[in-house]
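> One predicted model, sequence on top.
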Amino acid sequence: METPPEDPKLDATRRNLLGTATLGAVMMAAFSGKAQAQGAGWSAAEQANVKVVNDFLEAIKPKDMSGQLAYLAPDCVYRMTETSPPDKGFEAITNRLKGYVDNASAIELKVLSTFCSGPIVINHRIDKFTSTTQPLLFEGVGVFFVKNGKIKEWTDYTIKVG
């Protein structure tokens, strides 16, 4: 009996499901057992990873993208939201964020909570870009993979955009 050809849409849906399931497993592991909230029991390496992420988030406030790039690995992969295609490398990430950063008269990133397990740093935050042309109020969860003191991967997951 002949196998029917694969449907590309079905294959993409399977990949999305597997990716979401994998993320769910990672987050469950991060939020249970060894994962610690707000620094309780973090190792020195975990504290350093959280500092990299926090310093990275602080670096956006002066609206100077070069300050942020210092915390990213040259081959960093960024997803603005869970449904966004990945941006790879400094130039692509800068292009993705530049409009929001350049058009903002004020930028406020408020970290509500932070969790860490090894190289994974997860923060729940509210980002506010005040602008007359491109305002943004975003509540989400950022998941960062830190390697050798640099952010290697970063994805923001949307809770609410308002």
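Here it is on my side, so go on. Numbers count the residues shown, from 1 in each chain.
> Mind giving me the packing neighbours of the helix or strand where Tyr157 lies?
Assigned by DSSP states H and E, Tyr157 belongs to strand 150-161. Judged by 3 or more Cβ pairs under 8 Å, 6 or more residues apart in numbering; DSSP states H and E, strand 150-161 is in contact with helix 44-58, strand 72-79, strand 136-147. Quick note: C-beta positions are derived from backbone N, CA and C, even for glycine.
> hmm, try it at 6 Å
strand 72-79, strand 136-147 (3 or more Cβ pairs under 6 Å, 6 or more residues apart in numbering; DSSP states H and E).
> Name the residues of that strand that are buried.
Residues Lys150, Ile151, Lys152, Glu153, Trp154, Thr155, Asp156, Tyr157 are the ones in strand 150-161 that count as buried (16 or more other Cβ atoms under 10 Å).
> mind checking how far the third one is from Phe56?
Put plainly, it is Lys152. Between Lys152 and Phe56 the distance is 12 Å, computed by Cβ to Cβ, to the nearest Å.
> could you give the mean pLDDT of the strand holding Tyr157?
For strand 150-161, mean pLDDT is 95.
> Next: stretch 101-121.
On average, stretch 101-121 scores 93.
> any idea how far that stretch is from the chain center?
9 Å (Cα atoms, centre = their mean, to the nearest Å).
> Any regions of this protein where pLDDT drops low?
In the predicted model, the chain carries pLDDT under 70 at residues 1-39, 62.
> Any idea how far apart the tips of stretch 113-123 sit?
6 Å (Cα to Cα, to the nearest Å).
> How far off centre is it?
Chain-centre distance of stretch 113-123: 11 Å, with Cα atoms, centre = their mean.
> who are the neighbours in contact with Tyr71?
By Cβ atoms under 6 Å, 6 or more residues apart in numbering, the contact list for Tyr71 reads Val52, Phe56, Ile151.
> Quick check, the last one in contact with Gly142.
No - under the contact definition of Cβ atoms under 6 Å, Ile151 does not touch Gly142, with a separation of 10.0 Å.
> what are the bridge partners for the nearest residue to Leu112 once chain neighbours are set aside, then?
In space, and not counting its chain neighbours, Leu112 is closest to His124: 4.5 Å by Cβ to Cβ, 6 or more residues apart in numbering. His124 has the following beta-bridge partners by DSSP bridges: Ser113, Val141.
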